[in-house]
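Chemist: Mind folding the following:
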Amino acid sequence: MLSSYVVVDEDQFLVFSKAEADGFQCVLASKGLLLLCDVRTPMVPLLCWAHDLDNPCFIDVIRLLKLRSQSRDATYQWETKSYFCIMLGSF
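Modeler: Residues are numbered from 1 along each chain as shown. Predicted coordinates for the structure are as follows:
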């Protein structure tokens, strides 16, 4: 549950991004937390990370396939096609 990470009154969500893979997942960032949520399991984040960024204002979800160079080695082929990178930035 989200209860141990409840957003306090002073905290607010600042950025939001939808993961493009299946449309069920989204990423939210508040002043202190990054949450990966799935609409199929409300109030139970898949990932909850306490970041240490001042005023996060940029978030993006990118497939690892776009970040990885095209390699002939198929060792991590499934992971490269299936997983994502979450980038959270502050300017």
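Chemist: residues near residue 10, how many?
Modeler: By other C-beta atoms under 10 Å, the residues close to residue 10 number 7. For the C-beta atoms, the positions are set from N, CA and C on the backbone; glycine is no exception.
Chemist: got it, and residue 84?
Modeler: Here the number of neighbours of residue 84 (other C-beta under 10 Å) works out to 19.
Chemist: contacting residues around the spatially closest residue to it that is not a sequence neighbour?
Modeler: Leaving aside its sequence neighbours, residue 84 sits nearest to residue 61 (C-beta to C-beta, 6 or more residues apart in numbering; 5.3 Å). By C-beta atoms under 8 Å, 6 or more residues apart in numbering, the residues touching residue 61 are 17, 18, 19, 20, 27, 84, 85, 86, 87.
Chemist: Could you do residue 30 as well?
Modeler: Going by C-beta under 8 Å, 6+ apart, residue 30 touches 7, 11, 12, 13, 14.
Chemist: can you redo those as a markdown table with distance to residue 55, secondary structure and pLDDT?
Modeler: What follows is those, written out as a markdown table (distance: C-beta to C-beta, whole Å; DSSP: H, G, I helix; E, B strand; the rest coil; pLDDT from 0 to 100):
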| residue | distance to residue 55 | secondary structure | pLDDT |
| --- | --- | --- | --- |
| 7 | 16 | coil | 54 |
| 11 | 12 | coil | 76 |
| 12 | 11 | coil | 84 |
| 13 | 13 | strand | 87 |
| 14 | 7 | strand | 90 |
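Chemist: Give me the next element, helix or strand, following the lowest-mean-pLDDT helix or strand in the chain.
Modeler: The helix or strand of the chain with the poorest confidence is helix 77-82; it has a mean of 68 (mean pLDDT, DSSP states H and E). If you walk from helix 77-82 toward the C-terminus, the next helix or strand you reach (DSSP states H and E) is strand 84-89.
Chemist: for that next one, packing partners?
Modeler: Judged by 3 or more C-beta pairs under 8 Å, 6 or more residues apart in numbering; DSSP states H and E, the packing partners of strand 84-89 are strand 33-38, strand 58-63, helix 64-67.
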